[in-house]
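S.K.: here you go, sequence then predicted model.
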Amino acid sequence: MKDGLVPGLKYSQTYVTTLEMRAQQLIADVFSTPSMIGLMEQTSVKLTEPYLDENEQSVGIHVDVRHTAATRIGQSVTITAEILEVKDGKIRYAVTATNDQGVKIGEGRHRRAVINQKKFAGGA
C-alpha cells in the first residue's frame, strides 16, 4: 500500500437506482438491501484503489449494515465511505447511504483486506 491511506479519508459517489437493483420479492419497485451493500462495497473500493500498489487489490471480508428506509427505483442514492482504521493489511470503513430526498437509508461498517492479486489467483 502507498502512503496516504489513513483514517478520516472519505469518498462519496451518487448512483441512480435501476430495476436490476430492485427487491425482487416485493410488489413495489424498491431498492434492495443487497444492492445497497454492493454499492457500499464499490464505493469503498473506489476510495481505496488509488492507494494500492501494482498487483494489489482489496477484497471484502466483513459487512455489518442496517437498511433503515425505503427508496424507490429511479431515485438516486449517495454512498459515502470513510476510512476508520488501516492495520495489518486490513481496512475498516464507516459506510452510509442517503437518498435524493435527504433521508439516510443505510449505515454500518465494512472491512476489506489488501491482497496480492497474483498470489491470490494462484500465480507467482
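M.R.: Structure's in. What do you need?
S.K.: quick check, M36 in a helix?
M.R.: Yes - per DSSP: H, G, I helix; E, B strand; the rest coil, M36 lies within a helix segment.
S.K.: in this structure it contacts T98, no?
M.R.: No - applying Cβ atoms under 8 Å as the test, M36 and T98 come out as separate, 11.0 Å apart. From N, CA and C alone the C-beta is placed, and that goes for glycine too.
S.K.: give the residues shared as contacts by those two.
M.R.: Shared contacts of M36 and T98, defined by Cβ atoms under 8 Å, 6 or more residues apart in numbering, comprise 77, 105.
S.K.: when these two are compared, which one has more neighbours?
M.R.: Set side by side, M36 and T98 show more neighbours around M36, with 23 against 20, by other Cβ atoms under 10 Å.
S.K.: ok, now which ones touch that one?
M.R.: Counting by Cβ under 8 Å, 6+ apart, M36 makes contact with 65, 67, 77, 97, 105-106.
S.K.: any idea which of those has the most stuff around it?
M.R.: Ranking those using other Cβ under 10 Å puts A97 first, with 26 neighbours.
S.K.: that's a strand at it, yeah?
M.R.: Yes - under three-state DSSP, A97 falls within a strand.
S.K.: from E82, how far off is it?
M.R.: According to Cβ to Cβ, to the nearest Å, A97 and E82 sit 13 Å apart.
S.K.: quick check: G108 is in a strand.
M.R.: Yes - judged by three-state DSSP, G108 forms part of a strand.
S.K.: what is the neighbour count of it?
M.R.: For G108, using other Cβ under 10 Å, the count is 18.
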